[in-house]
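In: this is the structure alone, sequence omitted:
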């Protein structure tokens, strides 16, 4: 009988051992690595049922490493782990609720067992700040002044603390910093709510629906200096 495979990221061998033993008793196999940047490579070529991230790794991760791992944390059951120093008790905090919410390691194991293993190929998103006007209902209402935190030629993440946005909602974006300022229609793919406890900026992740070739070409040109060579 094969167990669900979960990616475990922890720089401490002793902490990894505590996590491994707990997961093994719950019927979960672990693929342990020590660097967050390794997760992007492994997840794109290995079918996984979940990902666990030790808090000390997250604290020391660079902004680019955190950005690169966002797609994995959204696509798989994911959680942050920590260990209480006095008791060695494992504490768990769900990293993203899109694949289900867990409050304990046992609940997380059940999420992984019910999840079909999958590979995750991260999108080529890079930190690019474009001023934008965001309208919740295309063609109606007053726009919200905002800025992109990261961008690809397929979509972007926009700062917003508006609690009314919903998944699959269509919005309209006018990019003030682009030469072609025609409004772009986009669909909300994921949300990060204000006060969610993730210690990250709130906003909406969108995929572009009507980006023109002129706008796409300009975005690609702006992204080129940010890409690794």
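Out: Good, I have the coordinates. Here the structure is a predicted model, which means the values were calculated and not measured.

In: what are the buried residues along the one helix or strand residue 74 maps to?
Out: Element membership for residue 74, per DSSP states H and E: helix 63-75. The neighbour-count check on helix 63-75 (16 or more other CB atoms under 10 Å) flags 65, 67-75 as buried. C-betas here are computed from N, CA, C, even on glycine.

In: residues in contact with residue 208?
Out: 154-156, 184-186 (CB atoms under 8 Å, 6 or more residues apart in numbering).

In: could those residues go into TSV alongside pLDDT?
Out: Shown next, in TSV, are the contacts of residue 208 (pLDDT from 0 to 100):
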residue	pLDDT
154	86
155	90
156	92
184	96
185	95
186	94
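
In: and those residues, which are buried?
Out: Taking 16+ other CB under 10 Å as the criterion, what is buried in those is 155-156, 184-186.

In: hang on, the earlier thing: which other helices and strands does the helix holding residue 74 contact?
Out: Counting contacts by 3 or more CB pairs under 8 Å, 6 or more residues apart in numbering; DSSP states H and E, helix 63-75 is packed against helix 36-45, strand 50-54, strand 90-96.

In: and of the ones you listed, who's closest to residue 15?
Out: Of all the helices and strands packed on helix 63-75, strand 50-54 sits nearest to residue 15, with 6.0 Å by CB to CB.

In: now do that closest one and helix 63-75, the angle between them.
Out: 140 degrees (axes from the mean of the first three to the mean of the last three CA atoms, to 10 degrees).

In: for this protein, which spans come out with low pLDDT?
Out: 1, 122-123, 196-199, 227-229 (pLDDT under 70).

In: domain assignment for it?
Out: Here the domain assignment for the chain is 5-113, 131-226, based on automatic domain parsing.
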